[in-house]
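Asker: attaching a predicted model along with its sequence, questions to come.
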Amino acid sequence: MARNSQFSKVINKIIGKKLYEIRIRKGYSRQSLANAIDVTQQQVTKYERGEDKITIGRLYLAVTFLEEDFIKFLSSVFYEAKIMQEESATLNTEYQRLTMEIARDLHSIKNERQLRAIQGIVKAFKNNN
């Protein structure tokens with residue numbers, strides 16, 4: 001369920017970014033887009049930031065108002081989402097590999113003072129994030 005929620009957020013962000021880029025490129029104001037899809041200017045801002053979900057109907061109105069092909073727009077959204085998922089999976093795999101490598105290396109250290117020093121360094125890094 002959490003993965004689906006995260007994917008939804010990613011899709012909302014991509015849609016918003018694309019709407020914003022097209023609107024700016026074509027010279028439309030936020031207010032003109034808001035009027036075309038019957039929402040407030042503030043709501044358009046939330047859509048463009050990916051903060052709120054936009055219904056498929058309103059998305060269709062927005063994309064066609066911006067004189068773009070709806071199917072191509074959706075394809076580009078899902079293509080970008082797929083690329084982001086693949087990059088994320090690669091990063092997760094690399095992170096897991098590094099974590100395992102560090103654990104193996106730590107296991108080979110037998111000096112307790114050295115281990116405590118390393119633990120202090122790790123905590124310092126953790127607290128800075």
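Answerer: Now that the structure is in, tell me what you want to look at. All values derive from a computational prediction rather than experimental measurement.

Asker: in which helix or strand would I find residue 86?
Answerer: helix 70-107 (DSSP states H and E).

Asker: ok now that helix, how far from the chain's centre?
Answerer: 12 Å (C-alpha atoms, centre = their mean, to the nearest Å).

Asker: can I get the CA coordinates of whichever helix or strand comes after it in CSV?
Answerer: Of the helices and strands lying after helix 70-107 in sequence (DSSP H and E), the nearest is helix 112-128. Output of helix 112-128 as CSV, limited to C-alpha atoms (Å, rounded to 0.1, in the frame of the first residue of the first chain):
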residue,chain,number,x,y,z
GLU,A,112,36.7,-2.9,20.5
ARG,A,113,38.1,0.6,20.7
GLN,A,114,38.2,0.9,17.0
LEU,A,115,34.6,-0.4,16.8
ARG,A,116,33.5,2.2,19.3
ALA,A,117,35.3,5.0,17.4
ILE,A,118,33.6,3.9,14.2
GLN,A,119,30.2,3.8,16.0
GLY,A,120,30.8,7.4,17.1
ILE,A,121,31.6,8.4,13.5
VAL,A,122,28.4,6.7,12.2
LYS,A,123,26.3,8.4,14.8
ALA,A,124,27.8,11.8,13.9
PHE,A,125,26.9,11.2,10.3
LYS,A,126,23.4,10.0,11.2
ASN,A,127,22.8,13.1,13.3
ASN,A,128,23.8,15.4,10.4
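
Asker: got a list of contacts for helix 112-128?
Answerer: 106, 109 (C-beta atoms under 8 Å, 6 or more residues apart in numbering). All C-beta spots, glycine's among them, are computed from the backbone N, C-alpha and C.

Asker: please point out which parts of the worst-scoring helix or strand of the chain on mean pLDDT sit buried.
Answerer: Here the helix or strand of the chain ranked lowest by mean pLDDT, DSSP states H and E is helix 70-107, holding a mean of 82. Across helix 70-107, burial judged by 16 or more other C-beta atoms under 10 Å covers 73-74, 77, 80-81.
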